[in-house]
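**Q** next come a sequence and a model predicted from it.
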Amino acid sequence: MKFWTITSATLGLLLSANVDAADYSIIELGTLGSGSQYQTSYATGINSSGQVVGYASTGILSETHAFIYSNGVMQDLGTLGGGWSYAYDVNDSGHVVGRSISTINNMHQYNAFLYDNTNGMQDLGALGGSTSRGNSINNSGNIVGNYVDVNGKNRAFFYINNVMQDLGSLLGNTSVGAYGINNNNQVTGTTGSPPHAFLYDNGSVEDLSRGIFSTTAYGINDNGQVAGRGWPDGIGKVHLFDNDGTVKNLGSLGSGEFVNQSQAAAINNLGQVVGWSYNDSRQKSAFLYDSGVMHELCVLVGCTSYGWDFLEDATDINDNGNIVGYGSFGGTTRAFVISKVFADGDLAPLGNPDGNINAGDILIAVRISLGEFVPGLLELSHGDMNTDGVIDLSDVIKITKIVLNQ
């Protein structure tokens, strides 16, 4: 297989050709500042259209701002008045959640925020507590996250119908953290000490530990499958808490002492899991777990051949198989997005390729080539027939030849 990388400065330059359906691209997203190779960025979430969120250096002292990356452009989302903000998730409407230093009412504390293009960054408050953060948002705009109450307790909140509410004490524990919500409003997270992973569904709570001494949960898909971490033998490893009541230990990249640790961050609706694991070189490394196999992402995409030292953590994956996270690029921590490359001309319907190549695909390619709209990751993965980073007349000709069976 052949692979390529794209830097933010040269997004249109791809370093490989003759790809097939099993190939990948990796994009280095850059930062919000300029002039220093030591500025950092981290990607934390991706939606179905390929919009990426995270946080990056601004180039102003040590300030870090939340960003959304779309169609090759990293947009600064600003802050709630302070110098720092962090984005953690984005839904299919492009609504972003995270946390930011808030100077509203002279509070000067980290508060959860919701960002959208109409209202900008909105402070969600902290239910009277000292700090809060928004961790996950679904396509209905419902949010889960954490806050610290007036007694210093870690609590979970559920933001629904524009109201933040306490999720309550779960499994007899007052200390609760909520990290994931799916489109059925099922919530997962961690409660108690030792921690126990939980599933919250319409007021009922299920302990997902199922006999394991200590467990945590971070991601949930629309099928109710939960990905997290368990300590069955004193060593933390990725665990899948399945919707059939079973718990599966997904293992680790490393097999020796001190390197057989791993942790999941997210799971998509296909059951693919991403996160980090130590490898046999004692390097913390991003992984993709797919069809019973844990793949080291840097090896899978050939990252070291194209400027990456290693890929440290994979933080999210969408149903198209796009993966985001962060790693070391030229010695500096940078955000990445990994995409499968098909180069098959399947562009229609826009945003939802149907597996057929016909006149509709030609039309979309023509519109993109004329600049009517900017292609996203999905369109580039299917319509960039020359793998040169753009969809232009040459790609239109190739797609037309496929339709005409030439």
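**A** Yep, that arrived.
**Q** can we go C-alpha only for contacts and neighbour counts from here?
**A** Fine.
**Q** I'd say Arg334 and Ser41 touch.
**A** Yes: if you go by Cα atoms under 8 Å, Arg334 and Ser41 touch, sitting 4.6 Å apart.
**Q** overlap in contacts of these two?
**A** By Cα atoms under 8 Å, 6 or more residues apart in numbering, Arg334 and Ser41 have these common neighbours: 29-31, 326.
**Q** read off the pLDDT value for Asn405.
**A** With respect to pLDDT, Asn405 scores 88.
**Q** next, count neighbours for it.
**A** Residues within reach of Asn405, counting by other Cα atoms under 10 Å, total 7.
**Q** use 26 as the first number for this chain going forward.
**A** With the count now opening at 26, the last piece we talked about shows up as Asn430.
**Q** residues contacting it?
**A** If you count contacts by Cα under 8 Å, 6+ apart, Asn430 has none.
**Q** mind listing what's buried in stretch 171-190?
**A** 171-174, 179-184, 189 (16 or more other Cα atoms under 10 Å).
**Q** next one: stretch 216-229
**A** Buried residues in stretch 216-229, defined by neighbour count with 16+ other Cα under 10 Å: 216-217, 220-225.
**Q** what's in contact with that stretch?
**A** Residues outside stretch 216-229 that contact it (Cα under 8 Å, 6+ apart) are 195-196, 198-202, 210-215, 230-234, 238-242, 253.
**Q** next one: that stretch to chain centre, how far?
**A** Centre-to-centre, stretch 216-229 and its host chain are 23 Å apart (Cα atoms, centre = their mean, to the nearest Å).
**Q** same thing with stretch 207-215?
**A** Distance, stretch centre to chain centre, for stretch 207-215: 16 Å (Cα atoms, centre = their mean).
**Q** wait, Gly119 sits on Gly145?
**A** No: counting by Cα under 8 Å, no contact exists between Gly119 and Gly145, whose distance comes to 11.6 Å.
**Q** which one's more surrounded, those two?
**A** Gly119 (21 against 16).
**Q** nearest spatial neighbour of the more buried one, skipping sequence neighbours?
**A** Setting aside the residues directly before and after it, Gly119 is nearest to Asp141 in space (Cα to Cα, 6 or more residues apart in numbering), at 6.8 Å.
**Q** hey, where'd the helices end up in the chain?
**A** 322-326, 384-394, 402-408, 418-428 (DSSP state H).
**Q** out of those helices, indicate the one that is most buried.
**A** Mean neighbours per residue, mean count of other Cα atoms under 10 Å, is largest over the helices of the chain for helix 402-408, with a mean of 25.
**Q** where's the closest residue to Ala373 other than its chain neighbours relative to Pro400, distance?
**A** Closest residue in space to Ala373, ignoring its immediate chain neighbours: Asp386 at 5.0 Å, by Cα to Cα, 6+ apart. The gap separating Asp386 from Pro400 is 13 Å, by Cα to Cα, to the nearest Å.
**Q** on that earlier part again, and Arg359 and Ser66? which has more neighbours close in?
**A** Between Arg359 and Ser66, Ser66 has the larger neighbour count (other Cα under 10 Å), namely 28 against 25.
**Q** sorry, back to before: which of the helices of the chain has the lowest mean pLDDT?
**A** Among the helices of the chain, helix 402-408 scores lowest, at a mean of 87.
**Q** helices or strands up against that one?
**A** In terms of contacts (3 or more Cα pairs under 8 Å, 6 or more residues apart in numbering; DSSP states H and E), helix 402-408 is packed against strand 357-366.
**Q** packing partners for the strand it packs on?
**A** By 3+ Cα pairs under 8 Å, 6+ apart, strand 357-366 packs against strand 48-53, strand 66-71, strand 348-354, helix 402-408.
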